[in-house]
Structure formats: C-alpha cells, structure tokens
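Undergrad: Got a predicted structure plus its sequence, pasted below:
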Amino acid sequence: MTESGCHVPVLLDEAIEAMSLRPDGIYIDGTLGRGGHSAAMLEQLGAEGRLLCFDKDATAIAVGRERFGAGSRVVLRQGSFSEISDAVADLGWTGRVHGLLLDLGVSSPQLDDPVRGFSFQQDGPLDMRMDPTSGQSAAAWLAEADESDIADVIYEYGEERFARRIARRIVTERVERPIERTGDLAKLVAQACPGRDRKKHPATRTFQAIRIFINRELDDLQTTLGQALDVLAAGARLVG
C-alpha cells in the first residue's frame, strides 16, 4: 500500500497504538523498510524522544537517511535487529528503551523488485538476501545443499507437505543445469506438487521457507527476544 509515494505498512495504526508512545521515550524500529512505522512514531515523539532503526537492506537505510535526515532524534543502523544489545549499549540506552517494534518478514518494495529474487511473480535472479552483500544467496545454497537439508528447510519453515518431493526435484534438476532464476524454481516446484490450490501458487510455501532460512529470520528473532529484557525499561512494550 502506498500513500503520496510512500509505502504504508499493514496495520500501521494498530502497531503504533500498541506501542503506547511517550513524547520523551526511547524506541526501536527493528525493520525500517521504507520508514512507515518510524515516521508514525516520530510524529508522536518530542524533541527529547529518540528512535533507533535497523534494517539489513542498504537501500532501506539510504531511503531512511533521505527521509529522516541526520538529526539527533533518529539513529539508523544497517544490520539485523538481533544486534540491539550492542547498538543500545553503544548509545548508552541499556535498560532505558520504552518500546521495540518488530515488523517481521519481507517488505512490498523488496517483493516488487525482481532483481532481489524474493518473489515468483516476476522472473529474476534467485537471491532472496535482505543484504545482497552478505551471506549465501538462495541459488548458491540450492546448488550445494543436501537433499535432506533442503527438504527439512521447506518443511520446517514453509510447512510444505510435499517438501521431500520438491527437494528431490531440485536436486535432480540441478544436475542438468543450475537453478539460478526465480522462474525456474517456481516452475519446478509446481511440477513437483500434484494438484494445485487455485487460491495459492504452489511455490508460495517453498519461497517463504527458503527466504526465512537464507536470512536467518527465526534465529534473529530468537536472539532478539533473548536480549529484550536487558534492553527494555520496566513497563516497556514489545510489539510484533
């Protein structure tokens, strides 16, 4: 969803209301994205309020700098929200943060850009990394992972009942040629799945699972939750 050219997060008003913002509070936006949540929080923060924003995506950080400038109220940090403990300590905010917002998953701008490789809707390089400069792409992982590991990822993170069949098809296909495009992966997943749900593309769960695995999304969340008690002040809000 967009408004005046800016992406508007789903359930924006509900998330901001749940944060119960105070004008002089210290807050963290765990996933900056295009700045929708951050902008809404800043509207309620006064001159003494502070906001720390994370995003693995360099493009999101660049958009944030352009949108929010370099004022003292906003600190932008490229990286995972799992780094909150160190970042907050650097700022001297340990135990003083009044709210942490975690908007999990992938953003619409990332899905809409075929170059990023998150979506099967448009053909593009099979990348899927939130930070394209770090870690292993989805194509590189699929080229070398064991069949059992691929099946486990698709089943665990995508709850795909045909995970083993899909993994077997991937391993068979990669012998003939590398799986380097989103269109290629979507096609072979569809071929591996008997029958089709007309309301959902057969590759939906597989793409979700591989994205979560490649970006360590659940690992990052678990790490962050383990740090939250040290980071947050008494009575603080954690909204996801």
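TA: Nice, I can see it.
Undergrad: mind showing which ranges of the chain have poor pLDDT?
TA: Across the chain, the stretches falling below the confidence threshold (pLDDT under 70) are 1-10, 70, 196-197.
Undergrad: Go again with 90.
TA: Scanning the chain with the threshold set as pLDDT under 90 gives 1-12, 34, 69-72, 103-112, 193-200, 240.
Undergrad: how about it, which residue sits the furthest from its center?
TA: Relative to the centre of the chain, and counting by CA atoms, centre = their mean, the farthest-placed residue is Glu176 at 32.2 Å.
Undergrad: contacting residues for that one?
TA: Contacts for Glu176 were tallied using CB atoms under 8 Å, 6 or more residues apart in numbering; there are none. Where you see a C-beta, it was placed from the backbone N, CA and C, and this is true even at glycine.
Undergrad: State which strand of this structure is the longest.
TA: Secondary structure of the chain read by DSSP state E shows that its longest strand is strand 232-239.
Undergrad: Mind giving me the packing neighbours of that strand?
TA: Counting contacts by 3 or more CB pairs under 8 Å, 6 or more residues apart in numbering; DSSP states H and E, strand 232-239 packs against helix 12-19, strand 97-101.
Undergrad: what's the neighbour count on Leu111?
TA: In terms of burial, Leu111 registers 14 neighbours under the definition other CB atoms under 10 Å.
Undergrad: so how far is Gln121 from it?
TA: With distances taken as CB to CB, to the nearest Å, Leu111 is found 8 Å from Gln121.
Undergrad: Which phi and psi values does Val74 adopt?
TA: The phi and psi values for Val74, taken as degrees, to the nearest 10, are phi -120, psi 130.
Undergrad: how deep is it tucked in, by neighbour count?
TA: When neighbours are counted by other CB under 10 Å, Val74 registers 23.
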